[in-house]
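>>> let me see the structure of the following:
(2 chains)
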Amino acid sequence: MKRILGRVAFNLFAWTIVLVTAFPLVWMVITSVKPQFELFRIPPTFWPEQITFEHYARLLWETPFLLYMRNSLLLSTATTLLVVTVATLGAHSLVRFRYRGRERLAQLVLFTYLLPSVVLILPLYLMMVWIGVANSLLSLVIAYTTFALPYALWLLRSFMQGIPDDLENAALVDGATRMGAFFDVILPQALPGIISTSLFTFILSWNEYLYALVLVNTDEARPLTTGVMNMLISAFNIEWSLLMAASVMMSIPLIVIFAFLQKFLTRGFGAGGVKG
Amino acid sequence: MAQRGASAAREAMAVPGLTAADRAAVNPLDRGYALLGMVLIAPTVLIFCAVIVYPLVSAIYLSLFSIFTPTLSGSFVGFRNYAELANSPEFWRSLLNNLIWTVLTLTLQVVLGIAAALMLNQAMVFRSLARSLILFPYFVSTVVAVLVWRWLFNDLYGVLNHLMMWAGILDMPLDWLGAMPNAMVSVVLVGAWKYFPFVVIAVLARLQTIPETLYEAATIDGAGAWGRFTDVTLPQLRDVLVVVVLLRAIWDFKEFDLIYLLTGGGPIIGTQTLPLMVYKEAFGLNEMGRASAVAVAMMLVMLVFMLVYFRVLRARGEEPR
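Okay, here's the model as predicted:
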């Protein structure tokens, strides 16, 4: 009996902690479906008296939100494709080949993985102006590789180190070339690692703010992060429900990916994983 | 190529445990592999040089100039930017703020992270849902986190002030972001909320590998719950915690988005850290050269953390991760 009571108490306690942690996100969803006038109720109502989706409708049809969304999708997809392709080849090379400077290169990768964007941003800004791609999605794809490539390379390298050498050896015995073995044996084995690396890279690009702030100042190329923030700053009076609706909308792709990633998560970290 | 690979592989198969890379070192026929390896890494190296190495060198170079941001015209001034920084109270204040923010938020992240991981390692109803909810703040965009918290912190209609007044902790609504030291406290709290899940992920993964027998042995030796925690769990977590603390210290130190979006460094420069100062010098005051000097100085401070990190990994004879 005492045991059962203890279990119940622990569960209550634990779930209270979990709900307190998640409260800001719950509050975001609740605020986004409250009518504007209900926000200024004192004391605030917890459960909306009236559920409305007008803010979502306004967000989609009366603000540049969809444009930002398109930009973010293009940008994150392009960055992910570029970075993961390059990093897969690079990681394979770092793990399975031997040449001068290999170790040093691996160390350089780790160093750049810890490098602050704010140091690179000024020269990158000058570089973009100079080669004439400033203010475009392309400039952001280029800038995003500075953090995404070291990250993806590092993660994929850890994943690939986990693939037994014997698999490649067996393929070579059967007459495959090194590249043949890479495509037929290594790539399928590394696929879970490649998928989770892609998803993490996508999240990283989706959430990036600083480069977008500095390198782009037109709506045509602005991603969601700076776009939504602009809606806060440029608004005459801040419409919190609209901003909360925008926050919910820009988190939806993350929720989808997150559901996917659940099972990779601990493994991903074991392999060097999650970056902040 | 196929022929060569096959024959080499057959040779190597006679000696178990050799990898393709090892054979390349032994067998001159496989020298070509080194070349292939370099071809595969070439795109990475090219991109690295263009977007990381060149800008890094360039940042140091820029810090020796005085550059007006809108026109990008400038003149060489040598080390004057650095001399100015050394005499600038704002720089030292930002560095101090940077250290305060890093130490406080990191401490909170680690303590909360370990506690939450221990909790989530126990049997509880809907445990995987609870785990997802705890991890979620880490994955949402900083922009989303900041918007939500600014709404919670809102002095007139924010739910935080109401809850605390209702609970009797506060008499008056608190200005969370516009006054000191509240602003620093708020930034630290939001930072802890956003990033403690990183500690949870790492610690939870490690907790699951601690052998149950260690706990049984400790119980037989008469250890209570707290004794088991300090004698078994903490020593087992030590290695992973060292890595986590160093990584988070580096990432927290260079944090820009969260602080910039929450307070913009304000009130005045109350929460201004070095990354914010770089941004302000470059795009607020149009002093691109001096901004680079701040960035380089910040790099030097971070280098200390990084060297410690590398040293720890090497001392362990472990692969960095």
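
>>> for chain B, longest helix please?
Longest among the helix segments of chain B by residue count, using DSSP state H, is helix B:89-121.

>>> buried set for that one?
By neighbour count on 16 or more other C-beta atoms under 10 Å in any protein chain shown, the buried set for helix B:89-121 is B:91, B:93-95, B:97-98, B:100-102, B:104-106, B:108-110, B:112-114, B:116-121. Every C-beta, even on glycine, is put in place using the N, C-alpha and C of the backbone.

>>> contact partners of stretch A:67-85?
With contact meaning C-beta atoms under 8 Å, 6 or more residues apart in numbering or on different chains, stretch A:67-85 is reached by A:137, A:140-141, A:144-145, A:148-149, A:152, A:156, A:194, A:197-198, A:201-202, A:205-206, A:219-225, A:227-228, A:249-250.

>>> buried residues in that stretch, which are they?
A:67-69, A:71-72, A:75-76, A:78-80, A:82-84.

>>> strands - which of these land there?
Among those, no member falls in strands (criterion: DSSP state E).

>>> look up how far A:L254 lies from the residue lying closest to A:S247 once chain neighbours are set aside.
The shortest distance from A:S247 to any non-neighbouring residue, by C-beta to C-beta, 6 or more residues apart in numbering or on different chains, is to B:V144 (4.4 Å). As defined by C-beta to C-beta, to the nearest Å, B:V144 lies at a distance of 9 Å from A:L254.

>>> so the two - more neighbours on which side?
Higher neighbour count among B:V144 and A:L254: B:V144, with 27 against 20, using other C-beta atoms under 10 Å in any protein chain shown.

>>> give me the residue from the stretch 51-200 of chain A nearest chain B.
Chain B sits closest to A:F97 of the stretch 51-200 of chain A, with a gap of 2.6 Å, by C-beta to the nearest C-beta.

>>> helix, strand or coil for the nearest residue to that residue once chain neighbours are set aside?
Of all residues not flanking A:F97 in the chain, B:G37 sits nearest, at 2.6 Å (C-beta to C-beta, 6+ apart). At B:G37, secondary structure determined by DSSP: H, G, I helix; E, B strand; the rest coil is helix.

>>> how many other residues sit next to B:G37?
23.

>>> which ones are touching it?
Neighbour list for B:G37: A:S93, A:R96, A:F97, A:R98, A:Y99, A:R102 [criterion: C-beta under 8 Å, 6+ apart].

>>> thought the third one was touching A:I186?
The one in question is A:F97. No. In this structure, A:F97 is not within contact of A:I186 by C-beta atoms under 8 Å, at 11.9 Å.

>>> could you pull up the mean pLDDT of the helix or strand hosting A:L153?
Using DSSP states H and E, A:L153 sits within helix A:137-161. Per-region confidence: helix A:137-161 scores 92 on mean pLDDT.

>>> which strands and helices sit next to the helix or strand following it?
For helix A:137-161, the succeeding helix or strand toward the C-terminus, using DSSP H and E, is helix A:165-173. Contacts defined by 3 or more C-beta pairs under 8 Å, 6 or more residues apart in numbering or on different chains; DSSP states H and E place helix A:165-173 against helix A:178-181, helix B:2-14, helix B:20-26.

>>> can you tell me the closest non-neighbouring residue to A:N207?
Excluding the flanking residues, the one nearest A:N207 by C-beta to C-beta, 6+ apart is B:S141, at 4.0 Å.

>>> could you count how many residues lie near that neighbour?
22.

>>> what segments of the stretch 1-150 of chain A are strands?
Using DSSP state E, counting those that start in this stretch, no strands are assigned anywhere in the stretch 1-150 of chain A.

>>> walk me through the domains of the chain.
Since no chain was named, I'll use chain A. By the assignment in automatic domain parsing, chain A contains the domains A:2-32, A:54-270.

>>> hmm, no, I was thinking of chain B.
Here the domain parsing of chain B from automatic domain parsing is B:2-62, B:88-315.

>>> now those as a markdown table including mean pLDDT and distance to A:Y125?
Shown next, in a markdown table, are the domains of chain B (pLDDT from 0 to 100; distance: least, C-beta to C-beta, whole Å):
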| stretch | mean pLDDT | distance to A:Y125 |
| --- | --- | --- |
| domain B:2-62 | 69 | 9 |
| domain B:88-315 | 90 | 8 |
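
>>> quick one: buried residues of stretch A:228-240?
If you call a residue buried by 16+ other C-beta under 10 Å, then stretch A:228-240 has these buried ones: A:V228, A:M229, A:N230, A:M231, A:L232, A:E239, A:W240.

>>> ok, of the residues you listed, which one's closest to A:A171?
For A:A171, the nearest member of the buried residues of stretch A:228-240 is A:V228. The distance, counting by C-beta to C-beta, is 48.7 Å.

>>> how is the closest one assigned, secondary-structure-wise?
helix.

>>> list the contacts for the residue nearest to A:N207?
Contacts of B:S141 (C-beta under 8 Å, 6+ apart): A:W206, A:N207, A:Y209, A:L224, A:T225, A:M250, A:S251, A:L254.

>>> can you give me phi and psi for the second one?
Main-chain dihedrals, A:N207, degrees, to the nearest 10: phi -90, psi 0.

>>> please enumerate the strands of chain B.
B:65-68, B:73-76.

>>> mind checking which of these is nearest A:L122?
Closest of those to A:L122 is strand B:65-68, at 9.0 Å (criterion: C-beta to C-beta).

>>> what's in contact with the closest one?
Strand B:65-68 has contacts (C-beta under 8 Å, 6+ apart) with B:73-77, B:80-81, B:286-290, B:292.

>>> OK, now which residue of chain B is nearest to chain A?
For chain B and chain A, the shortest gap (C-beta to the nearest C-beta) falls at B:G37, measuring 2.6 Å.

>>> first vs last residue of stretch B:227-234, how far apart are they?
Its first and final residues considered, stretch B:227-234 spans 10 Å by C-alpha to C-alpha, to the nearest Å.

>>> so where's the stretch 1-150 of chain A uncertain?
Applying pLDDT under 70 to the stretch 1-150 of chain A picks out no residues at all.

>>> and the helices in it, which stretches?
Per DSSP state H, counting those that start in this stretch, the stretch 1-150 of chain A carries helices over the ranges A:2-32, A:54-62, A:65-96, A:102-113, A:117-131, A:137-161.

>>> just the contacts of B:S141: which are in helices?
Short answer: the contacts of B:S141 in helices (DSSP H) are A:W206, A:N207, A:L224, A:T225, A:M250, A:S251, A:L254.

>>> so the last one sits against A:W206, correct?
Yes. A:L254 sits in contact with A:W206 when judged by C-beta under 8 Å, with a separation of 7.0 Å.

>>> buried residues, the helix holding A:L153. List them.
Neighbour counts over helix A:137-161 (16+ other C-beta under 10 Å) mark A:137, A:139-160 as buried.

>>> any idea how far the nearest residue in space to B:N97 that is not next to it in sequence is from B:V308?
Of all residues not flanking B:N97 in the chain, B:T273 sits nearest, at 5.2 Å (C-beta to C-beta, 6+ apart). From B:T273 across to B:V308, the span is 20 Å (C-beta to C-beta).
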